[in-house]
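give me coordinates for this.
(2 chains)
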Amino acid sequence: MADRDLLRATAAETASLIADGQVSATECLDAWLARVGEDDLNGYLWKADAAAAGQTVDRAAADPVAGVPVAVKDIFCTAGVPTTAGSRILDGYLPPYTATAVSRLAAAGVPMLGKTNMDEFAMGSSNENSAFGPVLNPWDHGRVPGGSSGGSAAVVAGGLAPWALGTDTGGSIRQPAALCGIVGLKPTYGAISRYGMIAFASSLDQCGPLTRDVTDAALMLSRLEGRDEMDSTSVGIEGGVDPPSATDLKGLRFGIPADLIGEGMEEGVREVFDQTAATIERLGGSIESIKLPHSDHGISAYYVLAPAEASTNLSRYDGVRYGIRESNADLDSMYEETRGEGFGPEVKRRIMLGTYALSSGYYEAYYGRAQRVRTMIVRDFTAAFEQVDFVITPTSPTVAFGLGEKTADPWSMYLNDLYTVPMSLAGIPAISIPAGTAEPAGGGPGLPVGFQIAAPAFSEQSLLEAAFALEGAIGFNQAPPGAKR
Amino acid sequence: MIEREQVLHVARLSRLKLSEEEVAVLERELSSILDHVDRLAEIDIEGVEPTSHVVPLENVLREDLPRPSLDRRRALEGAPDPYEGAFRVPSPQAEA
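Down below sits the predicted model:
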């Protein structure tokens, strides 16, 4: 078969092509590796070579997904393969072990295509915080792909990978998926092991799939989820995950949090959101107004809690055990110069903010208070889910913005995550699906708009069913102009 | 508001060497971020318990059995300055 057809297929379709013998796993990998070699988005930080990956395919398990290669965010430790988390401080680091999420996919026979670019230590919403240069949005190379899993989103949207693995702390899977016009799923906190995932904010970090459609998201999640004795906070999803098949939304109630959405939303995003809500009703679902009274404080609480956790997690980068070292004058100078040289501006900003919030005299006012506000946000969702089955919002208030447009004002960048952070604080699953395109502010060709659906903890199956039914009715089938997919 | 002295204090706690320019930028940016974050003070949190973890879990235990851990040689492979099976660091005392 022609490579062109292969590169246009979803992961599930590719699995069928391999199963039917229309293409071998090795041919599939070779075709994809050739595409990876043409990366014009700065999406990959490391690319697999055919010989090494070929061995993985030969050892492929009997799993139906065997042979469908995956792009992996560079935040996952991969034994013997460079892992930087987008940071100069980990330049040259070769982890001695592999993250559980990656080894689970490998055990299913899924070869790794490469490691994808990202905001340094997953801190960012535009990928401009990577120490290795920003990723370009495949829809418009002058715009950001979103972040922090911007590389993973861009390579899937741009036809440089069939599917990808990312991580989401406050929106880092969903927002780039939205800005690149693909599907991104953040599972329930605890659904998937975090072992080997370089830690940013441990009470929020969760990995998940970035895919071309909802079926692929379910397929990857089914292989990733499960308890892992290497992560005591992992519990898995009871009953596992099956391919979704729903074609309507009859009897399901969808809640719109009027008090959360509105602020800073682009007109085009609102139009697509309203159209999608109308599509839900056409499919038999009902739309209700709900209250999430504390969710608009989500960003404030998040920018205390996540930096606080990050400031402690990142204390391990001290020039002693791995990564770079600067200066050998005395111990403190070595620490300070290594970290001063190794970390970029956004990481320094968050370490400073987090250390301040945890410092003597400020702990209760900031960290303690933010933890209590988090409780109130959790309670808001619990109350909302007594009224409705799902909460819906746009994924991001805007379409993809221009490179450099929001770097001068950190808070305006943080507001990109206004609609995704509350779900992260509550630990609940949420998916972004492409719902249409909208003209950016200032005009120009249409750019993708994401639609977010959130559900109660561990109800991934019903979330995927609803997203699948809605995806079918929306019929978004657009690839970025010029992308080979 | 964050003042220059506080920026220097927090940088010291964080073991971060900052340039003069970085100190000035952080003084401005942290103040601006905290102005937004300070809105949290508007919320009545009286009697509300803090949340540090969202999944109800208690005492995740395994049997306490010896098992192999990361090989020492491999653990040292990424170290900037390994020495005789250990991580070597410069002296805590600055040399005169």
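
so chain A: which segments form each domain?
As given by automatic domain parsing, the domain ranges for chain A are A:3-224, A:253-291+A:383-474.

who in the stretch 151-300 of chain A is up against chain B?
By Cβ under 8 Å from any Cβ of the partner chain, the residues of the stretch 151-300 of chain A that approach chain B are A:188-190, A:203, A:229, A:232-233, A:235, A:294, A:297, A:299-300. No exception for glycine: its C-beta is placed from N, CA and C like everyone else's.

what would those look like in TSV with neighbour count, secondary structure and pLDDT?
Shown next, in TSV, are those (neighbours: other Cβ atoms under 10 Å in any protein chain shown; DSSP: H, G, I helix; E, B strand; the rest coil; pLDDT from 0 to 100):
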residue	neighbour count	secondary structure	pLDDT
A:188	27	coil	98
A:189	27	coil	98
A:190	24	coil	97
A:203	21	coil	97
A:229	11	coil	92
A:232	15	coil	94
A:233	18	coil	95
A:235	22	coil	95
A:294	23	coil	94
A:297	22	helix	94
A:299	23	helix	96
A:300	25	helix	96
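
so which strand or helix has the closest residue to chain B within the stretch 201-350 of chain A?
Closest approach between the stretch 201-350 of chain A and chain B, counting by Cβ to the nearest Cβ: residue A:340, at 3.2 Å. Secondary structure from DSSP states H and E places residue A:340 in helix A:331-342.

ok, for the residue of the stretch 201-350 of chain A closest to chain B, nearest residue in space, not its chain neighbours?
Spatially, and ignoring its direct neighbours in sequence, residue A:340 is nearest to residue B:17 (3.2 Å; Cβ to Cβ, 6 or more residues apart in numbering or on different chains).

A helix includes that neighbour, no?
No. In this structure, residue B:17 is coil, not part of a helix, as judged by DSSP: H, G, I helix; E, B strand; the rest coil.

list the contacts of it.
Taking Cβ atoms under 8 Å, 6 or more residues apart in numbering or on different chains, we find residue B:17 in contact with A:333, A:336-337, A:339-341, B:11.

and the spatially closest residue to residue A:419 that is not a sequence neighbour, how far from chain B?
Spatially, and ignoring its direct neighbours in sequence, residue A:419 is nearest to residue A:393 (4.3 Å; Cβ to Cβ, 6+ apart). In this view, residue A:393 and chain B are 19 Å apart by Cβ to the nearest Cβ, to the nearest Å.

just to revisit the earlier point, tabulate the domains of chain A (a markdown table), appending distance to residue A:356.
Below are the domains of chain A laid out as a markdown table (distance: least, Cβ to Cβ, whole Å):
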| stretch | distance to residue A:356 |
| --- | --- |
| domain A:3-224 | 16 |
| domain A:253-291+A:383-474 | 14 |
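
quick check: chain neighbours aside, which residue is closest to residue A:177?
Residue A:177's closest residue in space is residue A:184 (Cβ to Cβ, 6+ apart), at 2.7 Å.

now the one you found: which helix or strand?
With DSSP H and E as criterion, residue A:184 is part of strand A:183-186.

so which elements touch that strand?
Counting contacts by 3 or more Cβ pairs under 8 Å, 6 or more residues apart in numbering or on different chains; DSSP states H and E, strand A:183-186 packs against strand A:163-168, helix A:174-180, strand A:206-211, helix A:214-224, strand A:430-438, helix A:460-474.

so after the top helix by length along chain B, what's the next helix or strand?
Across chain B, the longest stretch assigned as helix under DSSP state H is helix B:20-37. For helix B:20-37, the succeeding helix or strand toward the C-terminus, using DSSP H and E, is helix B:72-76.

quick one: is that next one near chain A?
Yes. Helix B:72-76 comes into contact with chain A (Cβ under 8 Å from any Cβ), by way of B:74-75.

gap between that helix and the chain center?
Mean-position distance between helix B:72-76 and its chain equals 24 Å (Cα atoms, centre = their mean, to the nearest Å).
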